[in-house]
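Enquirer: What follows is a predicted protein model with its sequence.
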Amino acid sequence: MAISRAFSFAKLIRNSKQIQRFFEIADTDGTIDSFAAGSYPAAHYIVTAENSNQIHTTEILVQHNGTTVSMNEYGTLYSNGALATYDVTITSGVVKLRGTPTNSNTDFKFKVQYVES
């Protein structure tokens, strides 16, 4: 039984890809990250929005079945209220995590872990 669990954990670690980025949203649709739906069925994000001396950090899980995408936002921390709202879409085989800042000049940092099927 221990061998099976170790193999499953090793497979999970091997079948993931981590990326970190820093940016200010410049896209008109507020895209924070996007990936080809055929590449990964799920992703785990840690997103931080910063504006002046305010900070808003949250975790977001995203999954899709090729046509429908869903997300779960949790573990959210604010220094002084929400700085952004988040949503996901899937269009033409591309999954997008989007952010809408509540203030201008909001910077976003994120770390993503893609999970391969």
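Expert: Perfect, I can see it now. Numbering: from 1, shown residues only.
Enquirer: Now Tyr114: which helix or strand?
Expert: Per DSSP states H and E, Tyr114 falls inside strand 107-115.
Enquirer: what pairs with that strand, and is each one parallel or antiparallel?
Expert: Sheet pairing of strand 107-115 (DSSP bridges) gives strand 16-24 (antiparallel), strand 42-51 (antiparallel).
Enquirer: Could you check how far stretch 91-109 is from the centre of its chain?
Expert: Offset of stretch 91-109 from its chain centre (C-alpha atoms, centre = their mean, to the nearest Å): 10 Å.
Enquirer: separation between the spatially most central residue of the chain and Ile90?
Expert: The centroid of the chain falls nearest to Tyr45 when counting by C-alpha atoms, centre = their mean (3.2 Å). Noted for Tyr45: a distance of 16 Å to Ile90, by C-beta to C-beta, to the nearest Å. To be clear about C-beta, it is placed using only N, CA and C from the backbone, and glycine gets the same treatment.
Enquirer: Same question for Met71.
Expert: In this structure, Met71 and Ile90 are 11 Å apart, going by C-beta to C-beta.
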